[in-house]
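J.: Let's see this in three dimensions:
(one chain, ligands or ions: 1)
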Amino acid sequence: MRSFADSDADGVGDLAGVAGRLDHLRDLGVDLLWITPFYPSPMVDFGYDVSDYCDVDPLFGSLRDFDRLVAEAHARGLRMVIDIVPNHCSDQHRWFREAVADPDSSYRDYFIWRPPAADGGPPNNWRSNFGGPAWTLEPLSGEYYLHLFLPEQPDLNWRNPAVEAEFIEILEFWLARGVDGFRIDVAHALVKDLELRDNVQHRDVALDAPRREQWAAFDHLYDVGQVGTLDIYERWRSVAEGHDAVLIGETYVLEASLLARMLRGDGLHLGFWFKPMFIDWEPEQIRGVLSNALDEVDPNSMISWVSSSHDDPRAATRFGGGDLGRERALAFSTLLFCLPGLPFLYQGEELGLVDGIVTEDEKADPVGAGVSLGRDGCRTPMPWEPGPGFGFSDAVRTWLPHGGRRDEDTARAQRADPQSWFHRFRALIALRKTHPELRGPGVEWFESAEGLVSFRRGEIFVTANAGEQRIPLGVEGDVLFSTTGRTGTTAESSFIEPGEAIVVLEKSP
Ligand code: NOJ
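T.: From the prediction side, this is the model:
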């Protein structure tokens, strides 16, 4: 939202900006659009700290702008998915302010409070996802409150039915405005262990160590993945289904079995699988990360595939940067787009963007302070057109810098060049649409030459070369798609280059 398009020259993207750029998405072949939070917020975590769930922050526009965006999206055949943030709200939300001002208020139990441990410290050993303890002492009452993210994002108490009743109303509010679904933030963690037991700690880790190191030092037995969460989604689904809306969980768990657990029953329709963002460009890891999820999640079309997002370095950066990284990112997306489930693109992925350059002075992400890697690099503004502001904004200073974009990175330049990343991603999306067998169930993994990651989908053979050498393809047929733009037919002896992916309709014997 903040980095897509700025319509009012304040340096921050907004709803009207998105509405003005929908043709880009339509032309790319996108049919579902997810926008990050636009609700009133102190913006400590850039909108993931919501202070009113049923309005629009003036920074992003108004409810009228939202309605217009929905109408414009629908007019182009795009489904609109909004981000709902139920795990926590802002400490400036009326609920939390009342809970603090009056410990006897009915809002107190909207949050999770505990007295200090015997030594005066936090009630258990849980850590925040952003590093440090997951508890902050509230001085007026002398009790700690839980926050799995920033102290300004107190966790809601989903064991209190009043919290659920509030959110059912919130869902209904947005469904009545025409939204087609929800991306559910922190979908794996709404319900916490009843006794708030300590997580199992494997090794000592300082409270100021890099945030991912802190998180990984524990087995998260009690703060995430609690099955009680699933009952909530079953009830949400009955609300959503009346509107033909979809529930997509931000299931940020890195074990396929845990993802499968979150997708059990009649709750979430889909869950994001984030493990692909944590692998190297290496055939065994690539194949493992795809097949693990497909093996565990049943039926296997409930996976939302991602290779880039607003929270982690972009795929092109992770896979080596420059044109090498871009080639590999497209090859990886080729695999994802040929699997059952719902593949997502993060804005600018279709332009082959690497992370923008953000200097120390320009950093904005609170998570990026100190030793932890921040999220600014993947969040720099979309480059739409060559020129100052890159068509993103007329502001002299944007909320994050453009970060070293070149003219050839822009959507305008790429639309004019048939060989561009834009056109290759567009062809990939079209491939998925024109071949229903790529969307259906059934993936037959294929043992091909070392370095290749290959599978069959009916008559269609899909392979990516994640090795160092050119490798004979071993398959004869018509090329349906290739990351390097090759067309025509292939022979068994045709070579596939390192970093290339190809999709072939095999010749019947
Ligand atoms: C996941 C969101 O994608 C991220 O940006 C946010 O900081 C956390 N959830 C907390 O809401």
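J.: May I have the predicted confidence score for the residue nearest the centre of the chain?
T.: In the chain, the centroid-proximal residue (CA atoms, centre = their mean) is residue 309; its distance is 4.7 Å. Listed pLDDT for residue 309 reads 97.
J.: Now do residue 366 against the ligand, distance only.
T.: Distance from residue 366 to the ligand, counting by CB to the nearest ligand atom, to the nearest Å: 9 Å. No exception for glycine: its C-beta is placed from N, CA and C like everyone else's.
J.: ok, that residue - contacts?
T.: Residue 366 makes contact with 44, 45, 130, 150, according to CB atoms under 8 Å, 6 or more residues apart in numbering.
J.: if you set the cut-off to 10 Å instead, what comes out?
T.: 44, 45, 46, 130, 149, 150, 152, 372, 374, 375 (CB atoms under 10 Å, 6 or more residues apart in numbering).
J.: show me where the protein has helices.
T.: 15-20, 22-28, 63-75, 94-101, 161-176, 211-216, 228-241, 256-262, 283-296, 315-318, 322-337, 411-415, 421-434 (DSSP state H).
J.: Which secondary structure elements does the fifth one sit against?
T.: Helices and strands touching helix 161-176, as assessed by 3 or more CB pairs under 10 Å, 6 or more residues apart in numbering; DSSP states H and E, comprise strand 79-84, helix 94-101, strand 181-184, helix 228-241.
J.: And the second one, what's buried?
T.: Put plainly, it is helix 94-101. Using 16 or more other CB atoms under 10 Å as the test for burial, helix 94-101 gives 95, 96, 99, 100.
J.: residues from the chain in reach of the ligand?
T.: 45, 48, 85, 149, 185, 186, 250, 310, 311 (CB under 6 Å from any ligand atom).
J.: Thought residue 43 was touching residue 1, still the case?
T.: No - taking contacts as CB atoms under 10 Å, residue 1 lies outside contact range of residue 43: 11.2 Å.
J.: Common neighbours of these two, please.
T.: Counting by CB under 10 Å, 6+ apart, the residues touching both residue 1 and residue 43 are 12, 37, 57, 59.
J.: Spit out the contact partners of the nearest residue to the third one once chain neighbours are set aside.
T.: Think residue 57. Nearest-residue entry for residue 57: residue 40, 4.6 Å, with adjacent residues in sequence omitted and distances by CB to CB, 6 or more residues apart in numbering. By CB under 10 Å, 6+ apart, the contact list for residue 40 reads 47, 50-60, 90, 92-93.
J.: now those residues: which count as buried?
T.: 47, 50, 51, 52, 53, 56, 57, 59, 60, 90, 92, 93.
J.: Pipe these into TSV and attach distance to residue 407 per row.
T.: TSV is the format used below for those (distance: CB to CB, whole Å):
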residue	distance to residue 407
47	30
50	38
51	40
52	41
53	41
56	34
57	33
59	29
60	29
90	39
92	42
93	43
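J.: hang on, the earlier thing: by neighbours, which of the contacts of residue 366 wins?
T.: Neighbour counts for the contacts of residue 366 peak at residue 149, which has 24 neighbours (criterion: other CB atoms under 10 Å).
J.: mind checking how far that one is from residue 431?
T.: From residue 149 across to residue 431, the span is 38 Å (CB to CB, to the nearest Å).
J.: residues contacting residue 382?
T.: 3-6, 13, 17, 21, 24, 347-348, 351, 353, 390-393, 402, 405, 409-411.
J.: Pick out whichever of the buried ones among the contacts of residue 40 sits closest to residue 341.
T.: Taking CB to CB as the measure, residue 341 lies nearest residue 47 of the buried ones among the contacts of residue 40, at 26.9 Å.
J.: Please name the nearest non-neighbouring residue to the closest one.
T.: Nearest one to residue 47, counting by CB to CB, 6+ apart, is residue 37 at 3.7 Å.
J.: Provide a list of residues in contact with the one you found.
T.: 1-2, 43, 45-50, 53, 57, 60, 82-85, 183, 185.
J.: Can you give me the pLDDT of residue 508?
T.: 77.
J.: What pLDDT is listed against residue 299?
T.: Predicted confidence (pLDDT) for residue 299: 75.
J.: That one contacts residue 263, doesn't it?
T.: Yes - using CB under 10 Å, residue 299 is in contact with residue 263, at 9.4 Å.
J.: Out of those two, name the residue with the larger neighbour count.
T.: Neighbour count, other CB under 10 Å: between residue 299 and residue 263, residue 263 has more, with 24 against 9.
J.: What separation is there between that one and the ligand?
T.: 18 Å.
J.: shouldn't that residue be in contact with residue 227?
T.: No - using CB under 10 Å, residue 263 makes no contact with residue 227, being 11.8 Å away.
J.: and the closest residue to the ligand within the chain, what does it touch?
T.: Nearest residue of the chain to the ligand: residue 48, at 3.4 Å (CB to the nearest ligand atom). By CB under 10 Å, 6+ apart, residue 48 lies in contact with 36-37, 39, 41, 83, 85, 87-90, 149-150, 153, 185-186.
J.: Low-confidence ranges, this protein, go.
T.: 509 (pLDDT under 70).
J.: now with 90?
T.: Applying pLDDT under 90 to the chain picks out residues 227, 298-301, 368-373, 447-449, 474, 491-493, 507-509.
J.: before we move on, back to that, take the helices of the chain and write them to a markdown table, including distance to residue 475.
T.: As requested, those are exported to a markdown table (distance: least, CB to CB, whole Å):
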| stretch | distance to residue 475 |
| --- | --- |
| helix 15-20 | 42 |
| helix 22-28 | 29 |
| helix 63-75 | 40 |
| helix 94-101 | 59 |
| helix 161-176 | 47 |
| helix 211-216 | 40 |
| helix 228-241 | 41 |
| helix 256-262 | 28 |
| helix 283-296 | 17 |
| helix 315-318 | 26 |
| helix 322-337 | 15 |
| helix 411-415 | 30 |
| helix 421-434 | 17 |
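J.: right, so those: which one is the most enclosed?
T.: helix 315-318 (a mean of 25; mean count of other CB atoms under 10 Å).
J.: Which other helices and strands does it contact?
T.: Secondary-structure packing of helix 315-318 (3+ CB pairs under 10 Å, 6+ apart): helix 322-337.
J.: For the helix it packs on, list the C-alpha coordinates in PDB.
T.: The C-alpha coordinates for helix 322-337 follow below in PDB (Å, rounded to 0.1, in the frame of the first residue of the first chain):
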ATOM      1  CA  GLY A 322      21.600  -8.700 -10.600                       C
ATOM      2  CA  ASP A 323      20.500 -10.500 -13.800                       C
ATOM      3  CA  LEU A 324      21.600 -13.900 -12.300                       C
ATOM      4  CA  GLY A 325      19.200 -13.400  -9.400                       C
ATOM      5  CA  ARG A 326      16.400 -12.200 -11.700                       C
ATOM      6  CA  GLU A 327      16.700 -15.200 -14.000                       C
ATOM      7  CA  ARG A 328      16.700 -17.600 -11.000                       C
ATOM      8  CA  ALA A 329      13.700 -15.800  -9.400                       C
ATOM      9  CA  LEU A 330      11.700 -16.200 -12.600                       C
ATOM     10  CA  ALA A 331      12.700 -19.800 -12.900                       C
ATOM     11  CA  PHE A 332      11.600 -20.400  -9.300                       C
ATOM     12  CA  SER A 333       8.300 -18.700 -10.000                       C
ATOM     13  CA  THR A 334       7.900 -20.900 -13.000                       C
ATOM     14  CA  LEU A 335       7.900 -23.900 -10.700                       C
ATOM     15  CA  LEU A 336       5.400 -22.300  -8.300                       C
ATOM     16  CA  PHE A 337       3.100 -21.200 -11.100                       C
END
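J.: now it, how far from the chain's geometric center?
T.: Offset of helix 322-337 from its chain centre (CA atoms, centre = their mean, to the nearest Å): 18 Å.
J.: how many degrees apart are that helix and helix 283-296 in direction?
T.: 20 degrees (axes from the mean of the first three to the mean of the last three CA atoms, to 10 degrees).
J.: how close does the nearest residue to residue 78 once chain neighbours are set aside get to residue 379?
T.: In space, and not counting its chain neighbours, residue 78 is closest to residue 33: 5.0 Å by CB to CB, 6+ apart. Relative to residue 379, residue 33 is positioned 18 Å away (CB to CB).
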